[in-house]
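Peer 1: Any chance you could fold what I've pasted below:
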Amino acid sequence: MKNYKLKISFWMLAGLLLTGACRTKLDVAPSHLVPEKNMWTTKNDARAAVFAGYALLRSALADNNAWLAYGELRAGDFTGVSRGDLAAITGNQLTASFTSLDQWSNWRRFYAVIYQANLCLEKLATVNKNDFRYTPEEMKVDLAHCRFLRSMAYFYLVRIWGDVPLMKMAVSGDFVPVARTPQAEVLAFAEQDALAAAEGLPWRYDQQSPELLSQYWGQPAAFWQGVVAAKAPAYVLLAHIAAWKGDYLTTDKYTRMVLDNRVKGGYNLVPTSTLTSATGTFTGQADNIIFAMPFNKNYQESSASGHIEEWALAQPFIAKPQPDIFISNDSILSIFTEKNDERFRVTESGSGAGTYFTGFGNPVPLFSKIRLLSVSGADPLRSYQSAIVVFRYEELVLLRAEALMFLGKSAESLLQLNAVRGQRGIGDYTGNAAGLSNAILQERRRELLGEGWRWFDLVRFEQLPRYSRFSAADVAAGAQYWPVSKSLLGAGSAITQNKFWQ
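Peer 2: Predicted coordinates:
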């Protein structure tokens, strides 16, 4: 089991070092806590700058549960209860008049990550010149971190908005807005970054990898496991970029690299009890974690935002009469259709069993798969400490099953699919080869429910017309993407609205 206590202190430090608000047209120029003229002189400046990039990425995903809004709520499994803005997302009415919808439509937080990464890529060599303690080996690894962060930010941007501005340099001050770049070009750039990151990062920070033979920032391997980039997160990112482009041969290549080297990375499938335990996967510490952004109350990391519990839980877990979102009983039954599923099943008496839901049969059952409470009770004390799990091992195995299936390698694909199914108590897939694509999609639906994957999976499998209100013509017009915030579309702006939302 990985050392959670040590790794969380990294996020506490990253939060303290986080650079501030953004103010340009694309909102990519942060106001530094340290004046620019005093930065980039010592080793600690390098550490502060790189860690700030991680903190900015977590902020981009956590703020107002953006990762759920983008990746989960549009897909139709969840229903809004009382909040009009959440009901608008679940109904794919993304231009409704809610302040939160316009905030979710604004890509500025992701460009803050990109700006910080660009700045580090330009300035870290200055630290190496000014402070002999900052070694070329450390600088090379830090540069790889920055490329991973920039690649990750662009991958989110493309999946959410499609064509987006491509910023390759740190641009300070007010400037003429940059027009949107075709997403194929942006993805190609992100792929180059992720590949460079994979080449420069170790499998683990254990002083055994040729990329880094010294202790990284004076901390043991357990300190960094799963919370900063390493080879495996970079390869998984490359695999997903390739899948988004429909290049499953490359997806197969990079998923295989991680699976073949899982011992080096320290990864494994976990049982359902670990997946849903209050001390398991969503603490960010389990053996299936490849890359996550954890929170912890012991380091003042817990928060009200950034966690599905904020929207999905109610009594008896917290002092709240109803959740903001829920999955209906009929939907639960349509998702979990196989006997003996440890995540959810119906018993012979007709009641619900399993670890994903509480109160099945009630008008509003609770999605309680993730329930890491920090302080229970009435607002404003209610807060949570579940990690934002970006990549985990089961998702990777299912991605490999997907790639092999699209490459026509059904027998190999089945081995990967059945590995996950076996961990959840439902045994091997017994359908025919023609149904394998749907079987993989449905297993991703069950396994990753509530983790921010479903909408992106439907887009990638080209299944939006089946599972959403959008027709094939709507998808061709860009309905799968979010509209661009009105604040970015002012007079003279080179940025245009997505066609479907015009």
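Peer 1: which residues of the stretch 351-500 of the chain fall in strands?
Peer 2: Ranges of strands within the stretch 351-500 of the chain are 352-353, 357-358, 366-367, 373-375, 383-384, 388-392, based on DSSP state E, counting those that start in this stretch.
Peer 1: any chance of those strands in CSV, plus mean pLDDT and distance to G91?
Peer 2: Every residue, glycine included, has its C-beta placed from N, CA and C. Below are the strands of the stretch 351-500 of the chain laid out as CSV (pLDDT from 0 to 100; distance: least, C-beta to C-beta, whole Å):
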stretch, mean pLDDT, distance to G91
strand 352-353, 94, 26
strand 357-358, 97, 23
strand 366-367, 97, 18
strand 373-375, 69, 30
strand 383-384, 86, 26
strand 388-392, 97, 25
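Peer 1: With mean neighbour count and distance to F344 added, can I get these in CSV?
Peer 2: CSV is the format used below for those (neighbours: other C-beta atoms under 10 Å; distance: least, C-beta to C-beta, whole Å):
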stretch, mean neighbour count, distance to F344
strand 352-353, 18, 6
strand 357-358, 20, 6
strand 366-367, 22, 10
strand 373-375, 18, 21
strand 383-384, 24, 22
strand 388-392, 25, 19
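Peer 1: Let me see the mean pLDDT of stretch 108-116.
Peer 2: Stretch 108-116 carries an average pLDDT of 95.
Peer 1: For that stretch, list the C-alpha coordinates in PDB.
Peer 2: C-alpha atoms of stretch 108-116 as PDB (Å, rounded to 0.1, in the frame of the first residue of the first chain):
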ATOM      1  CA  ARG A 108      -9.100  30.200 -18.700                       C
ATOM      2  CA  ARG A 109      -8.100  27.800 -15.900                       C
ATOM      3  CA  PHE A 110      -6.600  25.300 -18.400                       C
ATOM      4  CA  TYR A 111      -4.700  28.100 -20.000                       C
ATOM      5  CA  ALA A 112      -3.300  29.000 -16.600                       C
ATOM      6  CA  VAL A 113      -1.800  25.500 -16.500                       C
ATOM      7  CA  ILE A 114      -0.400  26.000 -20.000                       C
ATOM      8  CA  TYR A 115       1.000  29.400 -19.200                       C
ATOM      9  CA  GLN A 116       2.800  28.100 -16.100                       C
END
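Peer 1: which residues in the stretch 351-500 of the chain form helices?
Peer 2: Remark: helices assigned in the stretch 351-500 of the chain by DSSP state H, counting those that start in this stretch are 393-406, 410-423, 436-447, 454-460, 464-467, 472-476.
Peer 1: What are the buried residues along the helix or strand harbouring N44?
Peer 2: N44 is located in helix 43-62, with elements delineated by DSSP states H and E. By neighbour count with 16 or more other C-beta atoms under 10 Å, helix 43-62 contains the buried residues 43, 45-62.
Peer 1: now stretch 283-303
Peer 2: In stretch 283-303, counting by 16+ other C-beta under 10 Å, buried: 283-297, 299, 301-302.
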